[in-house]
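below are the sequence and a predicted model; questions follow.
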Amino acid sequence: MGRDKAGVIVDGVALWQRQVATLRRLAPAELFISGRTDGPYARAGVEIVPDLTPGRGPLSGLEAALRRATQELVLVLAIDLPAMTSEFLSHLVSHGVSGELGAVPRLDGWFEPLAAVYPRRCLPLVRDCLRSDDLSMQGFVGRAIAGGFVRAKEVSPADTALFRNVNTPGDLGKRED
């Protein structure tokens, strides 16, 4: 993208503001941003939780979020999924079993690990993955499923568009202001 995606404007709203609003509609017990303390959201009035293991990709952010959370289940929402809805996320949260099992969407055979629910109890697995050479979220989710931490939830064709990812200026089309 050439800049921090959190500050990218889509339909007149910064991505970070869009995601915080989506999460606030769920009335979460706690809400925080996993990211740089000097990011575009720095003065948003939302707690910022920096990575505990910097430079290790999204797993670092997940580690920080799971460590910081006080609730048993942690809903993760990537900054670059502007079409995601609170309705889909609410359904995803309810997909867990008795608050102990997380849920990760699967679309066309691939996990969507950054719009997912993880139990805090999988923190040791995250740390094991961070110490390894495989920092892929796909690999982590596979291990989390095998370990009984999460289960996959197939994405319906009607919900596919929710996972439109914004990674490059070209992904924005005419939407950037």
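Alright, I've got the coordinates. Numbers count the residues shown, from 1 in each chain.

CA atoms only: put the helix or strand encompassing His91 into CSV for me.
Assigned by DSSP states H and E, His91 belongs to helix 86-94. Extracted C-alpha coordinates of helix 86-94, given in CSV (Å, rounded to 0.1, in the frame of the first residue of the first chain):
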residue,chain,number,x,y,z
SER,A,86,-21.1,-6.7,12.7
GLU,A,87,-23.9,-9.1,11.8
PHE,A,88,-21.5,-11.6,10.4
LEU,A,89,-19.1,-11.2,13.3
SER,A,90,-21.9,-11.7,15.8
HIS,A,91,-22.9,-14.9,14.1
LEU,A,92,-19.2,-16.0,14.2
VAL,A,93,-19.0,-15.4,17.9
SER,A,94,-22.1,-17.5,18.5
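
what ranges do the strands span in this structure?
9-10, 13-14, 32-34, 47-49, 73-77, 102-107, 110-111, 115-119, 150-154 (DSSP state E).

select, out of these, the one closest to Ala161.
Across the strands of the chain, Ala161 has its closest neighbour in strand 102-107 (10.6 Å, CB to CB). (C-beta placed from N, C-alpha, C; glycine too.)

so how far is Glu63 from Gly142?
Separation of Gly142 from Glu63 (CB to CB, to the nearest Å) stands at 18 Å.

quick one: low-confidence parts of the chain?
Applying pLDDT under 70 to the chain flags residues 1-4, 97-99, 167-177.

do a quick rundown of the helices in it.
Ranges of helices in the chain, per DSSP state H, are 15-24, 58-68, 86-94, 123-131, 137-146, 169-172.

go through those helices and name the closest to Gly109.
That would be, of these and by CB to CB, helix 137-146, which comes in at 10.2 Å.

what packs against that closest one?
Applying 3 or more CB pairs under 8 Å, 6 or more residues apart in numbering; DSSP states H and E, we find helix 137-146 packed against helix 58-68, strand 102-107, strand 110-111, helix 123-131, strand 150-154.

hang on, the earlier thing: who has more neighbours, Gly142 and Glu63?
Higher neighbour count among Gly142 and Glu63: Glu63, with 21 against 15, using other CB atoms under 10 Å.

any idea of the angle the helix holding His91 forms with strand 115-119?
If you take axes from the mean of the first three to the mean of the last three CA atoms, to 10 degrees, helix 86-94 sits at 30 degrees to strand 115-119.

OK, contacts around the closest residue to Leu66 other than its chain neighbours?
Nearest non-adjacent residue to Leu66, counting by CB to CB, 6 or more residues apart in numbering: Leu123, 4.4 Å away. By CB atoms under 8 Å, 6 or more residues apart in numbering, Leu123 lies in contact with 63, 66-67.

now do Thr37
Applying CB under 8 Å, 6+ apart to Thr37 gives the contacts 48, 50.

from Gly96, how far off is it?
According to CB to CB, Thr37 stands 30 Å off from Gly96.
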